[in-house]
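Engineer: Show me how the following folds:
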Amino acid sequence: MADVTTGSVRRTTAPVREALRRQRDIRVPAVTAVVVGVGVGVLATAARLAFNELVGGDTGYFLTLAAAVLAAWYTGLVGGVVAALVTVLLALPAILTGAPAGETDRAELVRLALYLAIATATVTLVAGRRAATIRLEDASLEVAHLAEKVAARDARLEMMLAASGTGFWEWDLTTNELEWSDAIFEQHGLEAGGTAPGFDAYLDMIHPDDRATFRDAIGAALEHGDGFTLEFRVIWPDGSVHWTHGAGRIVRDASGRPARMLGTGQDITDRRQAEADRDRLVDDERRAGEFREAFVEVISHELRTPITTILGLTHVLVQQQQLLDDAARTALLEDVRAESERLHRLVEDLLVLSRVERGRLRVEAEPLMPARMLERVVAREASELPSLAIELRIEPRLPIVSGEETYVEQIVRNLLGNAAKYAPAGTRVVVDARRDDGGAAAIRVLDEGPGISDASLDRVFELFYRDPDSARSVSGSGIGLFVCASLVEAMGGRIWARRRPEGGSEIGFTLPPFEVDDDAAAPAATESAAIPTSGA
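Structural biologist: As a prediction, the model looks like this:
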């Protein structure tokens, strides 16, 4: 845009500058003006005498007056006055010597004096006009020179703005019209050189979440007379969202009222994306650090405890097998089995944690009958968690869901294990499964324990988080519920935790229905509304 403007200014001023140069070229110094004036006067007098001879009479001083005016126009006041004086001096001898009567001589002298006066006045006027023309020429040359300098400066400014991806705009506050440079059109996904939209139409191009902020910034600038600087999003015609950095300032009229607003715009989408990528990398690194800490914590404490127990029990079995009766040997083996099961579950949680860290937690969608799976898991966990009285409630015709059975079992085991940690011995725990309003299967674990504190409700699924009220009295690494949330999310469900109005806590999750034909869907395996399974 600046190149076009610069070229237009140069094409406009070039002929003017050339004409003015030609005018300046014929300007002469005072000595030259005197010489020219003398020559013009002599030539004009000779021409007058020749013309008088030709017509056979006196033709007056018209030719000499014209010559003096011509000399004044091209050489200035000095040349014009000298030309007039020369014509008078050359005419005077003829008047003094050629007239027989004195009265006639006086008349000629009066006419000559009158000619000199008129010639002097005319030459002065012409010379003054020429002086004014010269001053105008000088001013015009200066204006043309300044115009070229301004155009060159604008060209350099536009080049710098273009190099930084910056465009400029102007908003007429009286007409509400906008004028944009080509770069501004491009920053809004529009073809350059078109017509800028009105201000109200431009507001529709701003992202809905940023319009109020944009209006407030403009309003504050108009109210306080200050400029504004703002980063906001615009929506292109193709629906894509881009970031722009806008800055503007108020221009006031003679009365001090805001008349226009001038500003610049710069597309900062790449910069914002780079910042988002940087923040994501920082978050990923922080998350990776938390995962590493989780591994260290689990390995140093959670894993070491069952491993140490297993090693100690097996040492007793090997060293004292001759002294142990069958009952004692069976009890020791049962302890080894229980600790091995605990170790196995910790390893499963760590495997999930590792896959989440690397972003490789994938779940193959397969049809799953949650009723049968829950019956099997609850029956096994009832024997593993004798401190709980576990009850299973399954709604008839529970839908077939999409998920991976191994992971669903792991979730249910973790939730029951979590209830066993925080609920007192003998607490009744209900595993409730039913269809929710969206057709998914909702599985809830309800306990009658102390419940989750209000401060922990929004954080129970965070990695490492442990309730500060029970952290000292209950062991754990704070990864079990995080693993549950990660698995539920990977299977397309949702998970929640809440306090029960009647006391205790509820932790539940959903599994989406498996998309199959109705004829192929199998009914739930159990029609029982409540299947109690008491702990040992």
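Engineer: Would you double-check that Arg498 falls in a helix?
Structural biologist: No - remark: Arg498 does not belong to a helix; assigned using DSSP: H, G, I helix; E, B strand; the rest coil, it is strand.
Engineer: Next one, pLDDT for it please.
Structural biologist: The model reports Arg498 with a pLDDT of 92.
Engineer: same question, Glu506
Structural biologist: You'll see Glu506 listed with a pLDDT of 94.
Engineer: Verify the stated contact: it with Leu457.
Structural biologist: No - applying CB atoms under 8 Å, one finds Glu506 not in contact with Leu457, separated by 10.8 Å. Heads up, the C-betas are built off the backbone N, CA and C, glycines and all.
Engineer: ok, those two, which is more surrounded?
Structural biologist: Set Glu506 next to Leu457 and count neighbours by other CB atoms under 10 Å: Glu506 wins out with 18 against 14.
Engineer: circling back: and for Glu506 and Leu457, which residues touch both?
Structural biologist: Common contacts of Glu506 and Leu457, defined by CB atoms under 8 Å, 6 or more residues apart in numbering, comprise 497-499.
Engineer: Mark which of the residues you listed are buried, thanks.
Structural biologist: Listed as buried from the shared contacts of Glu506 and Leu457 are Ala497; burial here means 16 or more other CB atoms under 10 Å.
Engineer: Closest to Ser402 out of the shared contacts of Glu506 and Leu457?
Structural biologist: Ala497 (23.0 Å; CB to CB).
Engineer: Contacts only, for that closest one.
Structural biologist: By CB under 8 Å, 6+ apart, Ala497 lies in contact with 452, 457, 460-461, 481, 505-507.
Engineer: Just the ones in helices from those residues, please.
Structural biologist: Leu481 (DSSP state H).
Engineer: which one of the contacts of Ala497 is nearest Lys421?
Structural biologist: Checking the contacts of Ala497 against Lys421 by CB to CB gives Leu481 as the nearest, at 10.9 Å.
Engineer: what's around that closest one, how many residues?
Structural biologist: 23.
Engineer: What residues does it make contact with?
Structural biologist: So Leu481 contacts 414, 418, 460-461, 465, 497, 507 (CB under 8 Å, 6+ apart).
Engineer: same thing but at 7 Å, please
Structural biologist: Neighbour list for Leu481: 418, 460-461 [criterion: CB atoms under 7 Å, 6 or more residues apart in numbering].
Engineer: Out of those, which is nearest to Glu364?
Structural biologist: When the contacts of Leu481 are compared against Glu364 (criterion: CB to CB), the nearest one is Phe461, at 23.4 Å.
Engineer: how close does the closest one sit to Ile495?
Structural biologist: 7 Å (CB to CB, to the nearest Å).
Engineer: what sits in contact with each of the two?
Structural biologist: Common neighbours of Phe461 and Ile495 (CB under 7 Å, 6+ apart) are Ala485.
Engineer: What's the per-residue pLDDT of Ile134 here?
Structural biologist: pLDDT at Ile134 comes out at 77.
Engineer: now do the one 5 residues further on
Structural biologist: Per-residue pLDDT puts Ala139 at 83.
Engineer: which helices and strands sit right next to the helix or strand hosting it?
Structural biologist: According to DSSP states H and E, Ala139 maps onto helix 102-163. Contacts defined by 3 or more CB pairs under 7 Å, 6 or more residues apart in numbering; DSSP states H and E place helix 102-163 against helix 2-25, helix 62-75, helix 77-98.
Engineer: Of these, which shows the lowest average pLDDT?
Structural biologist: Looking at the helices and strands packed on helix 102-163, the bottom one is helix 2-25 with a mean of 49.
Engineer: Give me the mean pLDDT for whichever helix or strand comes after it.
Structural biologist: Later in the chain than helix 2-25, the nearest helix or strand by DSSP H and E is helix 30-55. Helix 30-55 comes out with an average pLDDT of 86.
Engineer: Which stretches in the stretch 351-500 of the chain count as helices?
Structural biologist: 370-384, 405-422, 480-490 (DSSP state H, counting those that start in this stretch).
Engineer: Which one of these lies nearest to Arg397?
Structural biologist: helix 370-384 (9.3 Å).
Engineer: quick one: the strands in the stretch 401-536 of the chain?
Structural biologist: Along the stretch 401-536 of the chain, the segments classed as strands by DSSP state E, counting those that start in this stretch run 401-403, 427-435, 441-447, 495-499, 505-511, 531-532.
Engineer: can you redo those as JSON lines with distance to Arg362?
Structural biologist: Shown next, in JSON lines, are these (distance: least, CB to CB, whole Å):
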{"stretch": "strand 401-403", "distance to Arg362": "13"}
{"stretch": "strand 427-435", "distance to Arg362": "25"}
{"stretch": "strand 441-447", "distance to Arg362": "21"}
{"stretch": "strand 495-499", "distance to Arg362": "18"}
{"stretch": "strand 505-511", "distance to Arg362": "16"}
{"stretch": "strand 531-532", "distance to Arg362": "33"}
